[in-house]
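A.B. asks: could you look at this predicted model? Sequence included:
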Amino acid sequence: MTDNQFEDKDRVETLRIVTNKGEDVEGQLYELVGGKAFFVNLCIKLYEGVAEDPILRPMYPEEDLGPAAERLQLFLEQYWGGPKTYQEQRGHPQLRLRHAPYKINPAARAAWVKHMRVALEAQKLPELYENQMWAYLDRAATAMINTFED
Ligand code: HEM
């Protein structure tokens, strides 16, 4: 499989869940999950897992994982309707492109997803919001795969 088949895949569409009153849950999700504090805690927890992971830890160039956790936090805040700080600081996300330097094979994806699952469950969101968030994260992680080599 060539790299070309992945082009444009970082535009991951999320599942749209609409309540029985016709409200689109996604538009309000940033507020519904608790605003900034939720995203800060989620990403801190994810990176606790990454810090201990033999596949993932060596990928991170910096000794301190704090700045990487913050970049993800700002991206996710923006994605779910919060402040646009990510864009102001980093420009267009271009996530596939930004992940291109790292070897993200299915094993790396599985490791990331495992730690993210633990991090998300630790936040104890109502099931509807947790499912909404998970549907996106799981698919976005698949879109980051850029090699099938070991
Ligand atoms: C599939 C497994 C994944 C791996 C192994 C991975 C790994 C990495 C690595 C090594 C970096 C660079 C570290 C740094 O920022 O200094 C990074 C950056 C980043 N990742 Fe991931 N990632 C994965 C999935 C995801 C997913 C699913 C998302 C979004 C939903 C995401 C969002 C980001 C963001 C926003 C950055 C910072 C980009 C920037 O502004 O430079 N990553 N990731």
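C.D. replies: Great, that's in hand.

A.B. asks: does the ligand sit close to the helix or strand harbouring Gln89?
C.D. replies: With elements taken from DSSP states H and E, the one containing Gln89 is helix 85-90. Yes: judged by Cβ under 6 Å from any ligand atom, helix 85-90 and the ligand are in contact via Arg90. Any C-beta I mention is one placed from the backbone N, CA and C, and that applies to glycine too.

A.B. asks: contact partners of that helix?
C.D. replies: By Cβ atoms under 8 Å, 6 or more residues apart in numbering, the list of residues contacting helix 85-90 from outside reads Arg71, Leu74, Phe75, Glu77, Gln78, Pro93.

A.B. asks: now Trp80: how far from Leu56?
C.D. replies: Here the distance between Trp80 and Leu56 works out to 23 Å (Cβ to Cβ, to the nearest Å).

A.B. asks: same check on Val118?
C.D. replies: Going from Val118 to Leu56 by Cβ to Cβ gives 13 Å.
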